[in-house]
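>>> I would like to see how this sequence folds:
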Amino acid sequence: MPPQPQVKRSFPEFLKSFIGIVRVLQILLGAGLWVTIAANKYEGSIHYVLFVAVLFWLLTLAIFILTLLDKQDLVPIVGGERWLLSNTIHDVAATLLYLSTIGIMIYKTQKNSYCNLDVYKHHCLYKVYLTASIFACLTASVYLLSAIYCSYRKCRGEQTVI
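Prediction:
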């Protein structure tokens, strides 16, 4: 199949596209996860959750801005006609790493479930971990949805993200 011509996209057209909406959701939910964790005291394996959340938040933000400005051709090795494949690999990796963060957050939530009583007077991280678990699940779901969409477009022989 011959390569598809690169068409200049406008800002509103990208933001209204499926992948544009999904990227905005990924950025918002990822930010919700790491802000929830960073705003409270955390220890141990939560550092890994914070690392994954911030790493993929920054990578997704960079991908979003490059695609929004239609500058993916400037990225060496992974840009240009490989941009759709690069987005797919990014989304699959994010989904897999977010699945491990979900496990960690669920474990920490269950470990702190004892302090979810009205009579417990000390500082309790149960609600923080529960909120972070929900954010991690939603974020992983949106990354999975994006990975499936990009894979579908790649299998159809398309080379553009939009």
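>>> got a list of contacts for stretch 145-152?
Outside stretch 145-152, the residues that touch it by Cβ atoms under 8 Å, 6 or more residues apart in numbering are 18-19, 22-23, 26, 84, 87-88, 91-92, 94-95, 161. In this view, the C-beta of every residue, glycine as well, is placed from N, C-alpha and C.
>>> for it, which positions count as buried?
145, 146, 147, 149, 150, 151 (16 or more other Cβ atoms under 10 Å).
>>> now, the residues you listed that are in helices?
Among these, DSSP state H puts 145, 146, 147, 149, 150, 151 in helices.
>>> that older thread, make a markdown table from the buried residues of stretch 145-152 and add pLDDT and distance to residue 45 to it.
Shown next, in a markdown table, are these (pLDDT from 0 to 100; distance: Cβ to Cβ, whole Å):
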| residue | pLDDT | distance to residue 45 |
| --- | --- | --- |
| 145 | 97 | 26 |
| 146 | 97 | 26 |
| 147 | 97 | 25 |
| 149 | 95 | 31 |
| 150 | 94 | 30 |
| 151 | 94 | 30 |
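>>> so which of the contacts of stretch 145-152 belong to helices?
18, 19, 22, 23, 26, 84, 87, 88, 91, 92, 94, 95.
>>> list the contacts for the spatially most central residue of the chain?
By Cα atoms, centre = their mean, the mean C-alpha position of the chain lies nearest to residue 26, the distance being 4.3 Å. Shown in contact with residue 26 (Cβ under 8 Å, 6+ apart): 56, 60, 94, 139, 142, 143, 146.
>>> equivalent analysis for residue 27, please.
57, 60, 61, 64.
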